[in-house]
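In: Structure for this input, please:
(chains A and B)
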Amino acid sequence: MKKALEVLRKNTMMFVLVLVFLFFTLMTKGQMFTPLNFNALITQNAYVYILATGMLMCMLTGGNIDLSCGSFVCFIGAIGGICMVTNEMGTGISVLIMLLVGIIYGVALGYVIAYLNIPPWIATLAGYLAFRGWGTALLSANSSTGSIAPFPQTYLKIFSGKIFETAIGVLNVPCLVVGVIVSILVVILNIMTRKNRIKKGYEVNSVLSMIVKTVISVAVIMLFAYKLAYAGGIPTVLIWVVAIILIYQFITSKTTIGRYFYTIGGNAEATRLSGVDTKKIMFIAYLNMAILTVISAFTVIARFQAANSTAGTNYEMDAISACVVGGVSAYGGSGTVFGMVIGATLIGVINLGMSLMGIDANWQKVIKGVVLLAAVVFEILNNKDKTKE
Amino acid sequence: MAKVLLEMKNITKTFPGVKALDNVNLKVEEGEIHALVGENGAGKSTLMNVLSGIYPYGTYEGDIVYNGEVCKFNKIKDSEEKGIVIIHQELALVPYMSIGENMFLGNEQGKKNAIDWDKTYAEADKYLRMVGLAESSKVLVKEIGTGKQQLVEIAKALAKNAKLLILDEPTSSLNETDSKALLDLMLEFKKQGMTMIIITHKLNEVAYVADKITVVRDGSTIETMDKRTTEISEDRIIQGMVGRELTNRFPKREGVKIGDVNMEVKDWTVYHPLYPERKVVDNVSMNVRKGEVVGIYGLMGAGRTELAMSIFGQSYGTGITGTLKLNGKEVTLKNPKEAIKNKLAYVTEDRKGNGLVLTNPIKINTTLANLESISSHKVIDKDKEYQVAEEYRQKLRTKCPSVEQNVGNLSGGNQQKVLLAKWMFTEPDVLILDEPTRGIDVGAKYEIYCIINDLVAAGKSVVMISSELPEVLGMSDRIYIMNAAKIVGELRAEDATQEIIMANILKSGKGE
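Out: Got it, this is the predicted structure:
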């Protein structure tokens, strides 16, 4: 019983996610569970995962945030539109230009925050205002409607297409095959890790818990593969998201630089005196944020198939919410990529569920606000219990 | 015999695990200047905090009788209403507010919720003149020097209608002229009938202003001397301050050979990072040999930590000049990373503030300063990390369920061991230990001393900064005495006694 409670506490958000998903499935009479909505869950929220990954890295350094990313998505969209549509440049070169603009902004922002000690929320508030205005101005200067379209097909294919696309409702075999391959990889990886630990004489969890964990992972992967197979195939954006998540999961958990993000958030001065260039880490956090914002912008423009002035509105808030709901500390020093993914998915499910139920958009915002606050309060109470023990 | 204004009877104050005050008695007569002298941690400040209500009634035992009535203060405001005002050692002024705003902070002039600025500044100017300041009260506090800031603090106290003024080391951050002016001001107030208590380390100040002297040691009042009736020698005060016996609290170090000079600092000068005109380390030269423990003794604020941190990759201070030689070679260490690379380690006095990441586990803290050594191509080998942490846990006998435990949940002594482990893992040749036993219990202290002995036995050099005299005497081969940013003495352990060291410090303050 005690063990069950421990498992529950460690994975609270995951259980909440399952419960919320089931709740909406019931309330929408199964609509939530249809292939198209599985597909929507991924494509509509791709930007959140990408932005929240960058936001996670910023927040780890001490609860620092980036308010400018939403506006910057709009600005990058305008740049992309001007390159690809207005000037009919190639997709490759345009993507490079957009990335370059992102890097320039990231370097400037990182420099201002890390080396001039400007509080991040102020530095990024400036970007929040400026890029919305600049982006809109660029768009209106290049289009009478204030929106630039249509984007070239190659671009759309890379960032919002599907791999091995089939018609909706037809079983897409490659999609299932990919699901099976990934599942097998997960099983092998779990077994290998365990064997390795045993060989080196470390503590391992019980065989049962490993099996349960593996079975759940495989079940989730296969469920998605199966559902997506009926929704036309694997969305390319899913590959982008998964790749980014895996890379950052690796960075945060296995590398020295990832470790420093956590220790700076925990105690910046102790980290500095341990010979770590803490300013450089702060710089990297915001440079990284800008680059991920550009990648996020790629997917957003492709999904809307246009660059317009409202793109990216409130995205920064979505990213921060995803992190906070996913257990990333608002004070820095703790939080995982996995937690953030759960948080982002939870918000995505709530969004989609409420829309399917036809809840008024204003009330949706109220509910999301309450969920956000509840998550933080829960997190703090949960941590308080832990320190008491 | 004048009227007794304040009497503190049998005051006992306990913190978890420590008796800070033990049956303290203090009697202050109206119109006198009463000096409270004693070592760091003797309990002087605690006593004054009890008096001013920072530790509210009920958290201590004993009675405070003020002006004939028993007082039960719950907060500072209560004691201030009675006219007891304390001026703390650390100046508590807001730099970006004007002098006037500062003086009436929390005591705003005018109607409730509406500040009368004309009255504020007029009143403030009035009190400024009383302490001999010609500045307008509209000047920002950051514009005036520390000497004047100290006077503003006094003016602020006067504005609260102080009858009993307590000054906690008022001259610790002042230069000679400012100190003299302040002491003269105290004498002036005395003529006007003000009663004052001054806490100080400086015997020359005591001799200059005090009518009576109470010596506090280890949480007890040792004796009160009346300068008006008896001749008081400095030796007697010093003896009273340090007079405790040295028992066998230090492990013996045998057969450790002291070798060549391992680290040498010459003409080292450091300026304060925020006030670049203030010298915090003044032309210091020192060295430490292989296999040697060198103690640096000094009172708080003497510049010891500043010296150590400026040596450790210039992690403190600006305008650092002087030469640093490690193992005979002159080096310039621009940041902590270079210091670590050159096999120097600085174990901070403030393990919670800048030593450990409390929210992270032992293993992460252990490897933080040398993460590269357990990584290949920037990827951490987590198994190796666990092994390293486990190895040090056993070596230093850190008490914890596992190295996955968060450091924040450990006791002070065990945290200190994790901090030591972290720096031992960087494989340094020279370790600077800043107050290595602060705030930990006697048993853990002994274990830390054993670790220090093991380090020098392995041919490393240890510089131990401490404000505990017995510890410095018990552990060091050689002792530097630091006071007011300077090294004022160097003694071999066998020549040193507590009296000699204290005398060195107290006299050095007098010379100038």
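In: And residue B:46, how close does it get to residue B:184?
Out: Going from residue B:46 to residue B:184 by CB to CB, to the nearest Å gives 29 Å. Every residue, glycine included, has its C-beta placed from N, CA and C.
In: neighbour-wise, which of those two wins?
Out: Remark: of residue B:46 and residue B:184, residue B:46 carries more neighbours, 21 against 13, as counted by other CB atoms under 10 Å in any protein chain shown.
In: Leaving out chain neighbours, which residue sits closest to the more buried one?
Out: Leaving aside its sequence neighbours, residue B:46 sits nearest to residue B:20 (CB to CB, 6 or more residues apart in numbering or on different chains; 4.6 Å).
In: Could you grab the helix/strand/coil label for that neighbour?
Out: Recorded secondary structure, residue B:20: strand (DSSP: H, G, I helix; E, B strand; the rest coil).
In: from memory it sits against residue B:13, does it?
Out: Yes: contact criterion CB atoms under 8 Å: residue B:20 and residue B:13 qualify, at 5.0 Å.
In: So for those two, which residues contact both of them?
Out: Taking CB atoms under 8 Å, 6 or more residues apart in numbering or on different chains as the criterion, residue B:20 and residue B:13 both touch residue B:46.
In: For residue B:5, what are phi and psi?
Out: When read as degrees, to the nearest 10, the backbone of residue B:5 gives phi -80, psi -40.
In: Please read the previous query as pertaining to residue B:95.
Out: The phi and psi values for residue B:95, taken as degrees, to the nearest 10, are phi -60, psi -30.
In: mind listing what the residue in the stretch 101-250 of chain A that chain B sits nearest to touches?
Out: Per CB to the nearest CB, residue A:200 is where the stretch 101-250 of chain A lies closest to chain B, at 5.6 Å. By CB under 8 Å, 6+ apart, the contact list for residue A:200 reads residue B:383.
In: Dead centre of the chain: give me the residue that sits there.
Out: Using chain A here. residue A:49 (1.3 Å; CA atoms, centre = their mean).
In: sorry, should have said chain B
Out: Nearest residue to the geometric centre of chain B (CA atoms, centre = their mean): residue B:300, 3.1 Å.
In: what about it, which helix or strand?
Out: Using DSSP states H and E, residue B:300 sits in no helix or strand.
In: What of residue B:232?
Out: Secondary structure (DSSP H and E) places residue B:232 outside all helices and strands.
In: SS state for the nearest residue to it once chain neighbours are set aside?
Out: Spatial nearest neighbour of residue B:232, chain neighbours left out: residue B:225 (5.1 Å); criterion: CB to CB, 6+ apart. Using three-state DSSP, the structure places residue B:225 in strand.
In: Residue B:225 against residue B:212, yeah?
Out: Yes: Residue B:225 lies in contact with residue B:212 (CB under 8 Å); the separation is 6.8 Å.
In: Where does the residue of the stretch 101-250 of chain B found nearest chain A sit: helix, strand or coil?
Out: At 18.1 Å from chain A, residue B:142 is the closest residue in the stretch 101-250 of chain B, using CB to the nearest CB. Secondary structure for residue B:142, judged by three-state DSSP, is helix.
In: ok, how many other residues are close to the closest residue to it other than its chain neighbours?
Out: Spatial nearest neighbour of residue B:142, excluding adjacent residues (CB to CB, 6+ apart): residue B:95 at 3.8 Å. Using other CB under 10 Å, residue B:95 has 13 neighbouring residues.
In: so how far is chain A from residue B:95?
Out: Look at residue B:95 and chain A: by CB to the nearest CB, to the nearest Å, they are 17 Å apart.
In: Same question for residue B:34.
Out: The gap separating residue B:34 from chain A is 40 Å, by CB to the nearest CB.
In: On the secondary structure side, give me the element for that residue.
Out: Residue B:34 belongs to strand B:33-37 when assigned by DSSP H and E.
In: From the contact counts, what lies against that strand?
Out: strand B:18-29, helix B:44-52, helix B:176-191, strand B:195-199, helix B:203-209, strand B:212-217 (3 or more CB pairs under 8 Å, 6 or more residues apart in numbering or on different chains; DSSP states H and E).
In: tell me the most buried of those?
Out: strand B:195-199 (a mean of 24; mean count of other CB atoms under 10 Å in any protein chain shown).
In: Helix, strand, or coil at whatever residue of the stretch 51-200 of chain B ends up closest to chain A?
Out: Nearest to chain A, among the residues of the stretch 51-200 of chain B, is residue B:96, at 16.3 Å (CB to the nearest CB). With three-state DSSP as the basis, residue B:96 sits in coil.
In: where does it land on pLDDT?
Out: With respect to pLDDT, residue B:96 scores 86.
In: Go ahead and confirm it touches residue B:142.
Out: Yes: counting by CB under 8 Å, residue B:142 is a contact partner of residue B:96 at 6.4 Å.
In: Which of those two has more residues huddled nearby?
Out: Set side by side, residue B:96 and residue B:142 show more neighbours around residue B:142, with 12 against 9, by other CB under 10 Å.
In: can you tell me how far the more buried one sits from residue B:280?
Out: Residue B:142 is 19 Å from residue B:280, by CB to CB.
In: lowest average confidence, helix or strand, in the chain?
Out: Let's take chain A. Within chain A, no helix or strand scores below helix A:2-10, which has a mean of 72 by mean pLDDT, DSSP states H and E.
In: wrong one, chain B
Out: Per mean pLDDT, DSSP H and E, helix B:234-242 ranks last in chain B, at a mean of 74.
In: thinking again about what came up before, pretty sure the residue of the stretch 101-250 of chain B closest to chain A contacts residue B:98?
Out: No: if you go by CB under 8 Å, residue B:142 and residue B:98 don't touch, sitting 10.1 Å apart.
In: how about the residues of chain A near chain B?
Out: A:197, A:200, A:202, A:254-257, A:259, A:262-263, A:266-267, A:269-277, A:333-334, A:387 (CB under 8 Å from any CB of the partner chain).
In: Of the residues you listed, which belong to strands?
Out: Among those, no member falls in strands (criterion: DSSP state E).
In: domains for chain B, by residue range?
Out: B:4-242, B:249-343+B:428-512, B:352-427 (automatic domain parsing).
In: With distance to residue A:114 as new columns, can the ones you listed be given to me in CSV?
Out: Shown next, in CSV, are the domains of chain B (distance: least, CB to CB, whole Å):
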stretch, distance to residue A:114
domain B:4-242, 25
domain B:249-343+B:428-512, 15
domain B:352-427, 19
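In: Local confidence estimate at residue B:510?
Out: The model's pLDDT for residue B:510 equals 49.
In: With residue A:385 instead?
Out: Predicted confidence (pLDDT) at residue A:385: the value is 52.
In: sorry, back to before: you'd agree the residue nearest to the centre of chain B is up against residue B:467?
Out: Yes: using CB under 8 Å, residue B:300 is in contact with residue B:467, at 6.2 Å.
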